[in-house]
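Asker: take this sequence and fold it.
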Amino acid sequence: MENKIKNTVLLILLSMMHITVVDAAQKRSEPSSSGTCSNSEMENEKAPEPKKVHEEEDICPICIGSFTNEEPVDVRIIFECQIESRFHKFHKPCVNGCIVRAGSSVKCPVCRQPKCANFVLFIQEHQDTLIATRQGVGALLTGANLSGAHLNNAQLANAVLEQANLSDANLSGAHLNSAQLANAVLEQANLSDANLTDANLTGTNLTNANLSGANLSGADLSGINLTNTNLTNANLTNTNLIDVDLTSANLINVDLTDANLSGANLTGANLSEVDLVDADLSSANLSGANLTGANLVDADLSNANLSGANLTGAILVEADLTDTNLNGADLNDANLSSANLNSTNLTGANLINVIIQFIEPVNVNFININLTNANLSSANLIGDNLSGANLTNANLTETDLTNANLTNATLIGANLTNADLTNANLTNANLANANLIDTTFLFDANFTGAILTNTNLIGTFLANARFIHTTGLSPENRAYAINHGATVED
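Answerer: Residues are numbered from 1 along each chain as shown. This next block holds a predicted model:
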């Protein structure tokens, strides 16, 4: 019987490799050898002389270390083997290797039988708590099944977890800096406050994961799925986010300064108050996104889709909006000073109280947009299409609207002092109570069917302007128009 036990222990020792034995009680020193519960043998090394293991001895057959009376009971695993009709005892940290290496095919380290039902059942029931005690720095856990595991605050720096299944795992506060997590499954995982600096997460599935407060600076997140992920207060400094899917993700209080989000999917994402200064959002999909109060100074939004997005109070000073789709977007109180609006689509957009000073857009589509109370002073809107736009009480002082299309536009109470409307089309426009005094240029402008109630034309330049079938033109203004070269027909 003694020889049989001795041979069994020898086989166990020969299979030991690359797993650090941790003393959960912190009462005994580290063993000099390392082991595993796989069936591979160590090459070119002579196995140490095994200790004799007797049924009555309190010895862990994995580390060959004795159990001591000082050790807490909960660091031991004790169960009855249905095959050998004896009790097997192990240290919990020692069993960790069996779990992370063998997964669902784990075998009893003593009898090596998958039919050792009590052992398998025990591992399945306690897998999450056992792994949590393991120190996994630099661990090789490729393809490991750690679904639902409790790994909060675990030391997994530089760990290789490629293709591992960590869905529903608790990794809150875990140290995963420089970890290799490519193609891992982290769906619904809790990574709040985790350290993922310089981690490789390419191809990872983080759908519905919790990354609030996580440190992802320098991490590679290119092309990964972060749909519905919570990234509140996360650190994404210098993070690679190219082509990332952030659909409906929560990014409140995230610093995305200089972030590269080119081509990213941010449909319905929450970016309220987020700092996106100098960020690259070119060709990104931000339709329906919440960008209220976001700082987008100098951001590149060229070719981006912002249709239906909420940009209330957003700062877009000097932002590049070339070919950007802002159809139906809400830009109330936004600041677009000096922004590049070349070929921007603002059809149906709401720009109440917006500031669009000092811009020089080309081919901008302002059709049917709401610019009530907007500040467009000194803007260059030459040839732009503002048909149907609502410019009630808008500030258009010194704005260049040469050749602009203002057909059916509402300019009630608008301030057009010193504005240039040369050859502008104001057919059927409503200019009631508009201010056109002080050398406003109206050369060749078309006011056919326009409403000019309480509008003062005296002092403007009207050569070749056309006032055909207008409404509300006072006798004084009519006479002034005729005397200054305009065509007036009732």
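Asker: distance of the residue most central in space within the chain from Val274?
Answerer: For the chain, Leu246 is the residue whose C-alpha lies nearest the centre (Cα atoms, centre = their mean; 4.7 Å). If you measure Leu246 against Val274 using Cβ to Cβ, to the nearest Å, the figure is 11 Å. No exception for glycine: its C-beta is placed from N, CA and C like everyone else's.
Asker: repeat for Arg466
Answerer: For Arg466, the distance to Val274 - Cβ to Cβ - is 49 Å.
Asker: now Tyr480
Answerer: 53 Å.
Asker: please say which of these two ends up with more neighbours.
Answerer: Val274 (26 against 19; other Cβ atoms under 10 Å).
Asker: residues in contact with the residue lying closest to the more buried one once chain neighbours are set aside?
Answerer: The shortest distance from Val274 to any residue other than its chain neighbours is 5.1 Å, reached at Ala294 (Cβ to Cβ, 6 or more residues apart in numbering). With contact set as Cβ atoms under 8 Å, 6 or more residues apart in numbering, Ala294 has these partners: Leu271, Ser272, Glu273, Val274, Asp275, Leu276, Leu311, Ala314, Ile315.
Asker: the fourth one contacts Asn250, doesn't it?
Answerer: No: Val274 sits out of contact with Asn250 when judged by Cβ atoms under 8 Å, with a separation of 10.5 Å.
Asker: Phe467 should be in a helix, yeah?
Answerer: No: Phe467 is assigned strand when assessed by DSSP: H, G, I helix; E, B strand; the rest coil, not a helix.
Asker: isn't it right next to Gly485, touching?
Answerer: No: using Cβ under 8 Å, Phe467 is not in contact with Gly485, being 11.6 Å away.
Asker: circling back to that earlier point, and the residue nearest to Val274, what's its pLDDT?
Answerer: At Ala294, the model reports a pLDDT of 96.
Asker: measure it to Asn253 for me?
Answerer: With distances taken as Cβ to Cβ, Ala294 is found 11 Å from Asn253.
Asker: cool, Ala214 as well?
Answerer: Counting by Cβ to Cβ, the gap from Ala214 to Asn253 is 13 Å.
Asker: could you report the neighbour count for Asn250?
Answerer: With other Cβ under 10 Å as criterion, Asn250 counts 22.
Asker: contacting residues for it?
Answerer: Thr229, Asn230, Leu231, Thr232, Ala269, Asn270.
Asker: what about the strands in the chain?
Answerer: 59-60, 65-66, 76-81, 86-91, 466-468, 487-489 (DSSP state E).
Asker: lowest-confidence stretch among those?
Answerer: Minimum mean pLDDT among those: strand 76-81, a mean of 58.
Asker: Thr410 reaches Asn390, doesn't it?
Answerer: Yes: counting by Cβ under 8 Å, Thr410 touches Asn390, with 4.7 Å between them.
Asker: restricting to C-alpha, output stretch 314-328 in PDB.
Answerer: The C-alpha atoms that make up stretch 314-328 are tabulated as PDB, following Å, rounded to 0.1, in the frame of the first residue of the first chain:
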ATOM      1  CA  ALA A 314     -21.700  72.300 -27.000                       C
ATOM      2  CA  ILE A 315     -18.500  74.200 -27.700                       C
ATOM      3  CA  LEU A 316     -17.500  73.700 -31.300                       C
ATOM      4  CA  VAL A 317     -15.100  76.600 -31.700                       C
ATOM      5  CA  GLU A 318     -12.900  76.000 -34.700                       C
ATOM      6  CA  ALA A 319     -14.200  72.500 -35.100                       C
ATOM      7  CA  ASP A 320     -14.100  70.900 -38.500                       C
ATOM      8  CA  LEU A 321     -17.600  70.100 -39.700                       C
ATOM      9  CA  THR A 322     -16.800  69.600 -43.300                       C
ATOM     10  CA  ASP A 323     -19.400  67.400 -45.000                       C
ATOM     11  CA  THR A 324     -20.900  66.700 -41.500                       C
ATOM     12  CA  ASN A 325     -24.500  65.600 -41.300                       C
ATOM     13  CA  LEU A 326     -26.300  67.600 -38.600                       C
ATOM     14  CA  ASN A 327     -29.800  66.900 -40.000                       C
ATOM     15  CA  GLY A 328     -32.300  67.500 -37.200                       C
END
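Asker: what bridges to Asn370?
Answerer: Beta-bridge partners recorded for Asn370 (DSSP bridges): Asn350, Asn390.
Asker: okay, now it: neighbour count?
Answerer: Asn370 - counted by other Cβ under 10 Å - has 21 other residues nearby.
Asker: excluding chain neighbours, what is closest to Gly348?
Answerer: Nearest residue to Gly348, sequence neighbours excluded (Cβ to Cβ, 6+ apart): Gly328, at 4.5 Å.
Asker: I'd like to know how many residues surround that neighbour.
Answerer: For Gly328, the neighbour count with other Cβ under 10 Å is 19.
Asker: and if you look at Ser378?
Answerer: 18.
Asker: could the contacts of Asn250 go into TSV alongside distance to Leu286 and pLDDT?
Answerer: Compiled in TSV, the contacts of Asn250 are given as follows (distance: Cβ to Cβ, whole Å; pLDDT from 0 to 100):
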residue	distance to Leu286	pLDDT
Thr229	16	96
Asn230	19	96
Leu231	15	95
Thr232	18	95
Ala269	7	97
Asn270	11	97
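Asker: looking at those residues, which is nearest Asn208?
Answerer: Thr229 (6.7 Å; Cβ to Cβ).
Asker: low-confidence stretches in the stretch 351-490 of the chain?
Answerer: Across the stretch 351-490 of the chain, the ranges flagged by pLDDT under 70 are 357-363, 439.
Asker: show residues contacting stretch 335-350.
Answerer: 314-332, 354-359, 361-370.
Asker: now restrict those to buried residues only.
Answerer: Listed as buried from the contacts of stretch 335-350 are 314-332, 354-359, 361, 364-370; burial here means 16 or more other Cβ atoms under 10 Å.
Asker: my guess is Ile437 meets Thr460, correct?
Answerer: Yes: the criterion here is Cβ under 8 Å, and Ile437 meets it with Thr460 at 7.2 Å.
Asker: with neighbour numbers in mind, choose between those two.
Answerer: Neighbours of Ile437 and Thr460, each counted by other Cβ under 10 Å, are more numerous for Thr460; the result is 24 against 16.
Asker: and stretch 255-271, how far out from the chain middle?
Answerer: Centroid separation for stretch 255-271 versus its chain: 5 Å, with Cα atoms, centre = their mean, to the nearest Å.
Asker: on that earlier part again, among the contacts of Asn250, which one lies nearest to Ala284?
Answerer: Ranked by distance to Ala284 (Cβ to Cβ), the contacts of Asn250 are led by Ala269 at 9.9 Å.
Asker: so that closest one versus Ala445, what's the distance?
Answerer: In terms of Cβ to Cβ, Ala269 sits 44 Å off from Ala445.
Asker: same thing with Leu186?
Answerer: Using Cβ to Cβ, we find Leu186 at a distance of 62 Å from Ala445.
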